[in-house]
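Asker: show me how the following folds:
(3 chains)
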Amino acid sequence: MTRRVGVRSITLLAATALAAVLAAPVASAQQKVLKFIPQADLRILDPITTTAYITRNHGYMVYDTLFATDAQFHVQPQMVDKYEISKDKLTYTFTLRDGLKFHDGQPVRSADCIASVERWAKRDALGQKMAEATESWKAVDDKTFTLKLKRPFALVLEALGKPSSNVPFIMPERIAKTDASTNITDPIGSGPFKFVKSEWVPGSKVVYVKNTDYVPRKEPPSWAAGGKVVKVDRVDWIYIPDSATAAAALNAGEVDWWEQMPPDLIPVLAKNKEVKVENIDPLGSMGLLRFNFLNPPFDNQKMRQALLYALDQKDYVLGIAGDMKNGRTCYSYFTCGTPLASEVGAEPMKGKRDFDKAKALIKEAGYKGEKIVIIDATDQPIVHSQSLLTGELLRKLGLNVEVQAGDWGTLITRRSSKEPIDKGGWSIFHTWLVGPDLTNPAVNFAIRGSGGNAWFGWPTDPKIEQLRDAWFAAGDAAESKKAAEAVQARAFDFVPYIPTSQFILPTAYRTNLSGVIIAPITLMWNVEKH
Amino acid sequence: MIRYVIRRLFSTVIVMAVVAFVVFTLLYLTPGDPAAVIAGDIATDADIKRIHTQLGLDEPFLVRFGRWTWGLAHGDLGTSIFTNLPVTHLIAQRIEPTVSLTVLTLIVAIAVAVPLGVVAAARAGTWLDRGVMALSVLGFSVPVFVLAYILILTFSVQLDWLPVQGYRSIRDGVWEWLRHLILPSLALGTVYVALITRITRASMLDVLAQDYVRTAQAKGLAPREVLIGHALKNAAIPVMTIIGIGVALLISGAIVTETVFALPGIGRLTVDAILRRDYPIIQGVTLLFSAVYVLVNLAVDLSYALFDPRIRY
Amino acid sequence: MATALPAAAIPAAKSMSPMRRRFRDAFRRHPMALVGGVILLAMALVAILAPWLGTVDPEAVSPIRRLKPPSAAYWFGTDMLGRDVYSRVVYGARVSLIVGLAVALLSTLLGVVIGLVTGYIRALDAVVMRVMDGLMSIPSVLLAIALMALTKASVGNVIVAITLAEVPRVVRLVRGLVLTLREQTYVEAAIAAGTTLPRILARHILPNIVAPLLVQGTYVCGSAMITEAILSFIGAGTPPNIPSWGNIMAEGRSLFQIAGNLILFPGICLSLTVLAVNLLGDGMRDALDPRLARRM
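Answerer: Next comes the predicted model:
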């Protein structure tokens, strides 16, 4: 009895299996799908309320900008066709290109642009500065609009063409009218890709398809400027949290492009002739060590300066990037490789490390053994390496230090605490910012000394604020450089934070891809899959 | 029988209520603020406060608990703080890989372990038995992720027989679905196999020593019939118990397996949610897990009646 | 023809307690258990004698020496921050063993207390068992992660978190045993004779649960060590500057293809130790009461 039943059920199973296999949909061989491993998981769809780079990358997929910065650091028109600046520099007139449409078919109008820029200006530091100088935005007609300033503001175009967080993406007016602290959820934009919400699996997969109605500019692409010609049909962002798995997947051809790979894994991919590892990011990122100015002992300037003499950037570059090939020392508060970078005031950090001088400064500061708490995020390798290195450094200096491990979520929460150490406060945390976010005193929010309103750490330094304002008022390039140098000199004296290193996280992609744009931001147009 | 089932289901509700309350309280007390994460790098205190109010995070404990349980009663598990998608939608998206993985692992584990345990018991004391026992102890001793890496290194990277990561839905073809789940099931199932083998063997040994087995053998029944027809049925009960208890083990292991093999399942959803403090997801998923656990154990208990006609509900 | 042995050659029967004799016989029959015990002892010694075993400061970072393969200078190589892996593994034995032993002890103690109470007091039984069921239904790893997120990462918190996940199993065991024992005639007789509860517990109940508890304890110990490794892997385990086998592997996991030593050495040590603990548990179980094999 049992035997007969067995044979019957097995045959049934086999038949079902066969049918299922045959019924499997034939993969549309015509569709070119680009499979990409992003640096993080996309959760928040609003590039204005958050500065997260993954959301910014998403923004570049589905939105477009009025202006964009190119590889020579010049601001080029993107959505704008032509623009005029009045002789007194107080009125800017912009005219949009023809054929610009949102993904829902609606044309892009001036009202949309104005609402979007105004919303952006509420959050972004550079935008806020511009808003202070703005008298009004006005829509002349659906394709032309004007900006009227109260006083000259030299960075209008730089602001509108800002490459990194927050980017003034253009959204439909109804979405842009959302309050600037509420996340938008509707990803309709006018960009070269469309977001496929029905296929979005948060934590795992994000899907974009080519926007066939997009009208690209004629110029060749250069950073975010120029023509955005999409050469694939669909892009899948596949989030693989485990980097060993990601490397294996790229090797096996299960994915085409890995946005940021840990440099240590280069040897794993190097043996594979079908994979290319490249540094397509000319500016890289900078690590930083941030102090809490509300808690001793780093409320004391001499204590902070002491670290400048002891910290060796080479250790941090190696700790983060693994090899001096993937990073460099950068003794500047502005990203090395950009116009305003210099080594003005950087003497304490350069050259041979002087532990004696550091210890002397600590003594002068009157350090009484106060506990120093470094908050660490173990799930962020760049933050984690820096925390351990700094912990070791402070221990070598004879300071009472404790590295408190948590995850990134905990770190972000704890760093907003203004409490003393014994109530869960902190003394130091580490993070890193991409090159474009540190190029000048306008975008570098970490250098500010606006006290309670400043970035976490809350340094108060009216002097640096003054020098920063002076930079805004600077006239030409030469004046701007001098003003920036003054800001940096003050920064090395006051030490709002310590730049620990500059590093480039290489990207890796299979050799059947071409057209990957060399830029400090991840851009997916122009990429072709053969 | 029906009355028994109803009584059990009732106590299930109580258990889940306890779990719900514990989880909710735990999260309420947890530091780590989703508002800070949402607010971003350049947030001010005012921003964070505003987000708190929006998310209802500044309301008193009982109000929040009340609101959540009210939603529960209507089948609404709340909305994810970060993605603004309903928790039920997120769970529905991710449930297939986890269910596929755990069911496959269970089937493979039982299919491998029970025969192994039976054979080991039948040949107790021989090298075969010692070998099986040694392997099973080894099975408990290696952490899942170490095993996973070894498997990936051998079968995906060196031999290139199986894919490294990812999941293919069964709708896209059974063979692809299977291929992507072989390594994860092996990694996850090893501990389970070890456990079930041991219990099966021990239970079988116990039963084989019983009088009625000796009688059956004396009657002249073939050893196979004695083993399977008489002994196994009686040995089944402790084995079923372990299977039931092991469900929690499977889910724990699934979390790690999903991370290493990049399977978009519920395990990873939960870990991500915990690390980000996305409370509604954490609450919803924990409730789901305990419901599954309790229901599986109910099924296990009911199955006793199948194996032992003396058990009457 | 029997060879007569000189009387003096026949050793006088040594008076060995029945327990010791059972252990000795059991270990003879299960040599693996003896092996397990020896390995465990060796690990414990390594952990205690760590500073004198050719180790350097396990937390000393030195990025210039990162990712060196095993050599004469660095027996197990160095990790991504230049720390000596050998030293970290040796010191890591401390954390892993402490976590394992502490969890085993704590969960046993708590389990005994709760189990005795529920076994005896009917009214509490239903409530407590529902709570235990609830705890058991939350996957242990999830429970531990959630608890770890509640406070900062530290060895103490890891121990508490894993203990909470293991307690329900011990409670079940104790409760089951207590319920059976209560029905025994000699216990009923004792109650009838008016023996006080504490005396009953001490004289009749406790001695009979020691054996299964001991065995269960070893399994809990092994399970706890693995859970600690898994927690560290996910990032919710012991703070990473304090080495434990789990977090050494977690930190080195992405590099397993180029620096497999980071996973291999701690992995082998962990597996070996857990294996030893499990073998010991098996041996003890067989020695003390082979019938336990059915239940464990």
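Asker: quick check: residues of the stretch 1-150 of chain C near chain A?
Answerer: For the stretch 1-150 of chain C, the contact set with chain A under Cβ under 8 Å from any Cβ of the partner chain comprises C:59-61, C:63-64, C:66-67, C:80-81, C:149. (Each C-beta comes from the backbone N, C-alpha and C, glycine too.)
Asker: pretty sure residue A:359 sits against residue A:397.
Answerer: Yes: contact criterion Cβ atoms under 8 Å: residue A:359 and residue A:397 qualify, at 6.4 Å.
Asker: so for those two, which residues contact both of them?
Answerer: residue A:306 (Cβ atoms under 8 Å, 6 or more residues apart in numbering or on different chains).
Asker: identify the residues contacting the nearest residue to residue C:233 once chain neighbours are set aside.
Answerer: Closest residue in space to residue C:233, ignoring its immediate chain neighbours: residue C:250 at 4.6 Å, by Cβ to Cβ, 6 or more residues apart in numbering or on different chains. Residues in contact with residue C:250, defined by Cβ under 8 Å, 6+ apart, are C:229, C:232-235, C:237, C:240.
Asker: same check on residue A:522?
Answerer: Counted by Cβ under 8 Å, 6+ apart, residue A:522 has contacts A:38-39, A:57, A:60, A:259, A:507.
Asker: that older thread, which secondary structure element is home to the residue nearest to residue C:233?
Answerer: Secondary structure assignment for residue C:250, by DSSP states H and E: helix C:245-252.
Asker: helix or strand right after that helix?
Answerer: Scanning forward in sequence from helix C:245-252 by DSSP H and E, the next helix or strand is helix C:261-288.
Asker: in terms of secondary structure, what does that next one contact?
Answerer: helix B:127-141, helix B:144-151, helix C:18-29, helix C:31-48, helix C:85-120, helix C:206-234, helix C:245-252, helix C:292-295 (3 or more Cβ pairs under 8 Å, 6 or more residues apart in numbering or on different chains; DSSP states H and E).
Asker: pLDDT score for whatever residue of the stretch 51-200 of chain B ends up closest to chain A?
Answerer: Residue of the stretch 51-200 of chain B nearest chain A, by Cβ to the nearest Cβ: residue B:173 (3.4 Å). Looking at residue B:173, its pLDDT reads 81.
Asker: tell me how many other residues crowd it.
Answerer: Residues contacting residue B:173 under the criterion other Cβ atoms under 10 Å in any protein chain shown number 18.
Asker: quick check: phi and psi on it?
Answerer: Main-chain dihedrals, residue B:173, degrees, to the nearest 10: phi 120, psi 130.
Asker: residue ranges with poor pLDDT in the stretch 151-296 of chain C?
Answerer: Flagging of the stretch 151-296 of chain C using pLDDT under 70 yields the residue ranges C:151-153, C:289-296.
Asker: what does it put close to chain A?
Answerer: So far as Cβ under 8 Å from any Cβ goes, the stretch 151-296 of chain C lies against chain A at C:152-153, C:235-236, C:239-241, C:253-259.
Asker: the stretch 201-313 of chain B now?
Answerer: So the stretch 201-313 of chain B meets chain A at B:259-262, B:264, B:268-269, B:272, B:275-277 (Cβ under 8 Å from any Cβ).
Asker: which of these lies closest to residue C:36?
Answerer: Of all these, residue C:36 sits closest to residue B:260, with 28.9 Å by Cβ to Cβ.
Asker: quick check: the gap between the closest residue to that closest one other than its chain neighbours and residue C:79.
Answerer: What sits nearest to residue B:260 in space, not counting adjacent residues and going by Cβ to Cβ, 6+ apart, is residue B:148, at 4.5 Å. Going from residue B:148 to residue C:79 by Cβ to Cβ, to the nearest Å gives 21 Å.
Asker: quick one, what contacts the closest residue to residue A:512 other than its chain neighbours?
Answerer: Excluding the flanking residues, the one nearest residue A:512 by Cβ to Cβ, 6+ apart is residue A:530, at 4.7 Å. Contacts for residue A:530 were tallied using Cβ under 8 Å, 6+ apart; they are A:512-514.
Asker: keep only those of the residues you listed that are in strands.
Answerer: A:513-514 (DSSP state E).
Asker: just give me the closest of the contacts of residue A:530 to residue A:451.
Answerer: Within these, the smallest distance to residue A:451 is 48.2 Å, found for residue A:513 (Cβ to Cβ).
Asker: hang on, that closest one packs against residue A:528?
Answerer: Yes: between residue A:513 and residue A:528 a contact is recorded at 6.9 Å, counting by Cβ under 8 Å.
Asker: please work out how many residues are found near residue A:252.
Answerer: Using other Cβ under 10 Å, residue A:252 has 18 neighbouring residues.
Asker: the closest residue to it other than its chain neighbours sits in which helix or strand?
Answerer: In this structure, residue A:252 finds its nearest non-sequential neighbour in residue B:164, 5.4 Å apart by Cβ to Cβ, 6+ apart. For residue B:164, there is no host helix or strand (DSSP H and E).
Asker: can you give me the distance of residue B:164 to residue A:506?
Answerer: Residue B:164 sits 20 Å away from residue A:506, going by Cβ to Cβ.
Asker: those two: which is more packed in?
Answerer: Neighbours were counted for residue B:164 and for residue A:506 using other Cβ under 10 Å; residue B:164 has more, 27 against 22.
Asker: show me what contacts the more buried one?
Answerer: A:245, A:248-249, A:251-252, A:254, B:152, B:156-157, B:261.
Asker: 10 Å instead?
Answerer: A:240, A:244-252, A:254-255, B:152-153, B:155-157, B:180, B:183, B:260-262 (Cβ atoms under 10 Å, 6 or more residues apart in numbering or on different chains).
Asker: what of residue A:40?
Answerer: A:52-55, A:57, A:239, A:241, A:259-260, A:380, A:408.
Asker: just send the residues you listed back as CSV, with pLDDT too.
Answerer: Converted to CSV, the contacts of residue A:40 look like this (pLDDT from 0 to 100):
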residue, pLDDT
A:52, 82
A:53, 88
A:54, 89
A:55, 90
A:57, 94
A:239, 88
A:241, 78
A:259, 92
A:260, 89
A:380, 83
A:408, 78
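Asker: please pick the buried ones from those residues.
Answerer: Buried members of the contacts of residue A:40, scored by 16 or more other Cβ atoms under 10 Å in any protein chain shown, are A:52-55, A:57, A:239, A:241, A:259-260, A:380, A:408.
Asker: which one among the residues you listed gets closest to residue C:136?
Answerer: When the buried ones among the contacts of residue A:40 are compared against residue C:136 (criterion: Cβ to Cβ), the nearest one is residue A:241, at 28.3 Å.
Asker: quick check: phi and psi on the closest one?
Answerer: Dihedral angles (degrees, to the nearest 10) for residue A:241: phi -70, psi -30.
Asker: residues touching it, list them.
Answerer: A:37, A:40-41, A:203-204, A:379, B:258-260, B:262, B:268, B:271-272.
Asker: let's see that with 7 Å instead.
Answerer: residue B:259 (Cβ atoms under 7 Å, 6 or more residues apart in numbering or on different chains).
Asker: any idea how far it is from chain C?
Answerer: 10 Å (Cβ to the nearest Cβ, to the nearest Å).
Asker: up against chain C, what does the stretch 201-313 of chain B have?
Answerer: B:202-203, B:205-206, B:238, B:248, B:251-252, B:255-256, B:270-271, B:274, B:286, B:289-290, B:293-294 (Cβ under 7 Å from any Cβ of the partner chain).
Asker: I'd like to know which of those residues are part of helices.
Answerer: Those of those mapping onto helices are B:202-203, B:205-206, B:238, B:248, B:251-252, B:255-256, B:270-271, B:274, B:286, B:289-290, B:293-294, per DSSP state H.
Asker: buried subset of the residues you listed?
Answerer: Looking at those with 16+ other Cβ under 10 Å, the buried ones turn out to be B:202-203, B:205-206, B:238, B:248, B:251-252, B:255-256, B:270-271, B:274, B:286, B:289-290, B:293-294.
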